[in-house]
Structures are given as C-alpha cells and as structure tokens.
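Q: heads up, no residue letters with this:
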C-alpha cells in the first residue's frame, strides 16, 4: 500500500499532559482524507506535528516515504497547510500578501498568484487591505496562499471556517477539482461533517488524542440503514406504545423529543396510525437514511461507553 503520509505510534506531551497518544494514521497518495473529531480531540495538534510546527514527543511521521525531521525542507516544500486561523499583514493588500509569501518560500512564478486569485474569486478585492476582509474572505485568501505553489499534499485545518453556504460549496468543488484533475492529496479536518461528506475517500476519527477508526467512505455508505424518525411530544407515552408493537432493540430514543425506528415490521403509515390510536401527539414523522454524521456519533458514543 502506497501512503503519502502516515504516522506510527505518534505521541505529544505538553507540561506532563499527554494530548496525543499511540496515534496511527494512513493517508494514500491521491485521496481526500477527512480527519474528524469533536472539538478538543487533538486534530490541530496532530496537524501541527505533520507541518513540523511541533516536535513529537514520541513515534514517527513519514511523508513521501521519508521520516519527517526538523530539517526536512525538501519534503515540506511539497506541502501546503492551513493550521488554525490564517494570519496576514493587515495593512497590505491580499495580492501583496500573496507576493510576500511567494518571496518567502522562494517561488517566483507570479502567474500562480493570478491563477489562485481567480480560482478563489478574489480578483475584485485583491488590491484592498486585508484589514477590510471578512473572516470568510481571509479564509479564501489562506486557501489561495497554499495552492499557489501547486503542492502535492495539502493539510487543511477547518478550512471552511467563516464561509457562507455558497462559499462552502465552491471551496468543496475546488478541493475536488485539485484532487481529481491535479492529483493533489488533501487532508481536511473538521467537526462539521456535512462540509466534506460528498468529497472524501477515507475518514479517520480521533477522540481524546487517539485514532479510534479509519474507514473508507464506501464502507460507511454500505453500512447506512434507513429508519423512521419520529418527533413526539410525550416520550414516555410513545415508549409505552412502541414497546407494545416492536422489539425493544429495533428502535431507540435520540433525545427527549425524538426517537428512531429501525424495524421494517411496520411501514411509516402503520407506526403513525398506532401512535395516534394511543393518543400520542406526533410532531413529525419521516423516513431517513444514516449519514456520515450518524456513523461518527455512533463511533464517538462507543468510545464514551468504553471509557
């Protein structure tokens, strides 16, 4: 198996507190890898070590087949990354910030700046000072900055921060194009799963500093099940009704006003009729399918049970 990036037993300790432990990750060349986890799970910490901002306490990071070292300048030259919030010189224009970045990395093909500005829809605002930019525009500028030099590997930490829904869709399309047309391998971290569900090939789920699952999106899709989700006013009465008609393991309570029925013994209409006959006040009832968020919540829930 050809991995463009992998970590082996990676660890990070800060002030005697271990924040990353025995962390193994495997990213194939040419894929989009979704790095998922709750806030504070350790996503940014892992990415800082991959980008050589932090030195690991233990374990190893391998990029392009070589062990990552503090002096791995050639390897890092083939990578681009956004870690946490992008930083710019606010008094300079967006275009001048990009020119300064090119000088810093020794990249003298200024046509790359023009291309990046066009791809990110920044042409009209490129000559305005960055201090006038919204968070969403700054995020676009940060993405433009990392793609100028056409890196082979992109490490993107919450790249959709501050973007409106239309911009999110445009950026997803851009990442998909860079991956499929230019062969760029992309690692994207997020806690908002709908941002990346349609474009990722593989997901890795981190929780409390450890990798708990790596799985292809195709496998997740194959596991998706249909269910009936019911919004209910009186949960106690609804539970009594369902207990009389369905096995207990074929449905579950989601929260104080929602439950899900996974059994195919009854149709949606039949379940609705039974609830109404027992004088349940039904707020909503709809047939749905599991998605990436459902799978993620299941994995995290299992972790919490085992702790």
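A: Nice, thanks for sending it over. As the structure is a computational prediction, the values presented were derived from the model and not from experiment. Residues are numbered from 1 along each chain as shown.
Q: what's downstream of the helix or strand encompassing residue 203, the next helix or strand?
A: Per DSSP states H and E, residue 203 falls inside strand 202-207. Using DSSP H and E, the helix or strand that follows strand 202-207 in sequence is strand 210-216.
Q: pLDDT on that following strand, on average?
A: For strand 210-216, mean pLDDT rounds to 93.
Q: contact partners of it?
A: 20-26, 42, 201-206, 299-300, 303 (Cβ atoms under 8 Å, 6 or more residues apart in numbering). Using the backbone N, CA and C atoms, a C-beta is placed for each residue, glycine as well.
Q: what does stretch 273-281 give?
A: Stretch 273-281 has contacts (Cβ under 8 Å, 6+ apart) with 230, 232, 233, 234, 237, 238, 240, 241, 245, 266, 282, 285.
Q: picking up where we left off before, how far off centre is the strand holding residue 203?
A: Remark: strand 202-207 is offset 9 Å from the chain centroid, using Cα atoms, centre = their mean, to the nearest Å.
Q: quick one: the helices in the stretch 1-150 of the chain, in order.
A: In the stretch 1-150 of the chain, the segments counted as helices under DSSP state H, counting those that start in this stretch are 43-50, 73-76, 94-105, 111-119, 135-147.
Q: so what's residue 205 bridging to?
A: Beta bridges link residue 205 to residue 36, residue 213 when assigned by DSSP bridges.
Q: just residue 3 next, same as before
A: residue 28.
Q: so, low pLDDT: which residues of this protein?
A: Residue ranges of the chain with pLDDT under 70: 1, 307.
Q: in JSON lines: the helices of the stretch 1-150 of the chain, plus distance to residue 56.
A: As requested, the helices of the stretch 1-150 of the chain are exported to JSON lines (distance: least, Cβ to Cβ, whole Å):
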{"stretch": "helix 43-50", "distance to residue 56": "5"}
{"stretch": "helix 73-76", "distance to residue 56": "15"}
{"stretch": "helix 94-105", "distance to residue 56": "24"}
{"stretch": "helix 111-119", "distance to residue 56": "31"}
{"stretch": "helix 135-147", "distance to residue 56": "23"}
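Q: JSON lines please, covering these and showing mean neighbour count and distance to residue 212.
A: Putting the helices of the stretch 1-150 of the chain into JSON lines (neighbours: other Cβ atoms under 10 Å; distance: least, Cβ to Cβ, whole Å) gives the following:
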{"stretch": "helix 43-50", "mean neighbour count": "22", "distance to residue 212": "13"}
{"stretch": "helix 73-76", "mean neighbour count": "14", "distance to residue 212": "28"}
{"stretch": "helix 94-105", "mean neighbour count": "17", "distance to residue 212": "35"}
{"stretch": "helix 111-119", "mean neighbour count": "17", "distance to residue 212": "35"}
{"stretch": "helix 135-147", "mean neighbour count": "21", "distance to residue 212": "28"}
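Q: among those helices, which is nearest residue 249?
A: helix 43-50 (33.8 Å; Cβ to Cβ).
Q: what's in contact with that closest one?
A: Identification of contacts with helix 43-50 by Cβ under 8 Å, 6+ apart yields 5, 7, 10, 12, 19-20, 23, 25, 35-37, 54-56, 61, 63, 68, 81, 83-84, 155, 157, 187, 189, 191, 206, 209.
Q: picking that back up, so which of the helices of the stretch 1-150 of the chain gets nearest residue 163?
A: helix 135-147 (4.8 Å).
Q: which helices and strands does the helix or strand that that closest one is followed by pack with?
A: Later in the chain than helix 135-147, the nearest helix or strand by DSSP H and E is strand 153-157. In terms of contacts (3 or more Cβ pairs under 8 Å, 6 or more residues apart in numbering; DSSP states H and E), strand 153-157 is packed against helix 43-50, strand 79-82, helix 135-147, helix 165-182, strand 185-190.
Q: let's see it at 10 Å
A: Strand 153-157 is packed against strand 3-14, strand 32-36, helix 43-50, strand 79-82, helix 135-147, helix 165-182, strand 185-190, with contacts defined by 3 or more Cβ pairs under 10 Å, 6 or more residues apart in numbering; DSSP states H and E.
Q: each with direction, which strands does that strand pair with?
A: By DSSP bridges, strand 153-157 pairs with strand 79-82 (parallel), strand 185-190 (parallel).
Q: chain center to that strand: distance?
A: That offset, for strand 153-157, works out to 11 Å (Cα atoms, centre = their mean).
Q: so which bits of it are buried?
A: Buried residues in strand 153-157, counted by 16 or more other Cβ atoms under 10 Å: 153, 154, 155, 156, 157.
Q: which residues does the third one bridge with?
A: When bridges are taken as DSSP bridges, the partners of residue 155 come out as residue 81, residue 187.
Q: if anything else comes up later, I'll come back, but that's it for now.
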